[in-house]
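>>> Quick check, what structure comes out for this input:
(chains A and B)
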Amino acid sequence: DGGITQSPKYLFRKEGQNVTLSCEQNLNHDAMYWYRQDPGQGLRLIYYSQIVNDFQKGDIAEGYSVSREKKESFPLTVTSAQKNPTAFYLCASRTGHEQYFGPGTRLTVT
Amino acid sequence: DQQVKQNSPSLSVQEGRISILNCDYTNSMFDYFLWYKKYPAEGPTFLISISSIKDKNEDGRFTVFLNKSAKHLSLHIVPSQPGDSAVYFCAASGGGIQGAQKLVFGQGTRLTINP
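Have a look, this model is predicted:
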């Protein structure tokens, strides 16, 4: 079954800790994306990567970091510098114009 | 600067009737538009798309209409079914090489289908 996997589904962290969210795809897509969704808002782009070992900042990259060492994997680290880290995080990959999304990770920081 | 706007946060429609969701955009460089459906705590699912060279695209119960002069698109669902209850996002891409690589999303419209 081809698709995008995000783990875990729910993640809890204490304030001041860095946390890494996993995203894996077996669709053989070159491009991958990270978004966050807050209640009542649309999806906002954090980082994206068009190819291995290359990535670009999206609209709200501050406090986040990414790596793209393998085509299949695009992990997102939420650092302690992110002021409002509690959100629903979505990973996607792209073929043509269409982006396909994983199931999301709900991160709660207290 | 909201380049893609869905001005109706919510919409309630009776089962069997037509649901019409609207989306406006401001960037004339957008040349591809998509609709996604999202259930709570899940990732969005791609529904239907349209290129700017067309004004209509149909897929089963879903039809997307594009009015380029008005910078407006709409999603029609006919007939509406209870399983259509979800949040619907409009998205757009275009505007050079970098613009084509990214999607800009609207805020979403929550559709509720009533029995």
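>>> any idea how far residue A:95 is from residue B:17?
Per C-beta to C-beta, to the nearest Å, residue A:95 is found 34 Å from residue B:17. Any C-beta I mention is one placed from the backbone N, CA and C, and that applies to glycine too.
>>> Could you report the neighbour count for the residue lying closest to residue A:98 once chain neighbours are set aside?
Spatially, and ignoring its direct neighbours in sequence, residue A:98 is nearest to residue B:46 (5.3 Å; C-beta to C-beta, 6 or more residues apart in numbering or on different chains). Residue B:46: 16 surrounding residues under other C-beta atoms under 10 Å in any protein chain shown.
>>> Residue B:46 touches residue B:38, doesn't it?
No - contact between residue B:46 and residue B:38 fails when scored by C-beta atoms under 8 Å: they sit 10.7 Å apart.
>>> circling back: could you look up the next helix or strand downstream of the helix or strand harbouring the residue nearest to residue A:98?
Under the criterion of DSSP states H and E, residue B:46 resides in strand B:45-51. Remark: after strand B:45-51, the chain's next helix or strand is strand B:56-59, criterion DSSP H and E.
>>> Give the partner strands of that following strand in its sheet and their orientations.
Strand B:56-59 sits in its sheet next to strand B:62-67 (antiparallel), going by DSSP bridges.
>>> What are the contacting residues of the strand it pairs with?
Applying C-beta atoms under 8 Å, 6 or more residues apart in numbering or on different chains, the contact partners of strand B:62-67 are B:33, B:35, B:47-50, B:52, B:54-58, B:72-78.
>>> Show me what whichever residue of chain A sits closest to chain B bridges to in the sheet.
Using C-beta to the nearest C-beta, residue A:101 is the residue of chain A that sits closest to chain B, at 3.4 Å. Beta-bridge partners for residue A:101, by DSSP bridges, are residue A:92.
>>> per-residue confidence at it?
What the model reports for residue A:101 is a pLDDT of 96.
>>> what's the answer for residue B:19, then?
pLDDT recorded at residue B:19 is 98.
>>> neighbours of it, just the number please.
Neighbour number of residue B:19 under other C-beta under 10 Å is 24.
>>> How about residue B:111?
22.
>>> What distance do you get for the closest residue to it other than its chain neighbours to chain A?
Leaving out its chain neighbours, the residue that sits closest to residue B:111 by C-beta to C-beta, 6+ apart is residue B:11, at 5.1 Å. Using C-beta to the nearest C-beta, to the nearest Å, we find residue B:11 at a distance of 15 Å from chain A.
>>> again with residue B:102
According to C-beta to the nearest C-beta, residue B:102 stands 6 Å off from chain A.
>>> Hmm, that residue is touching residue A:56, no?
No - the criterion here is C-beta under 8 Å, and residue B:102 misses it with residue A:56 at 9.0 Å.
>>> who has more neighbours, these two?
Neighbour tally, residue B:102 and residue A:56, criterion other C-beta under 10 Å: the higher count belongs to residue B:102, 20 against 14.
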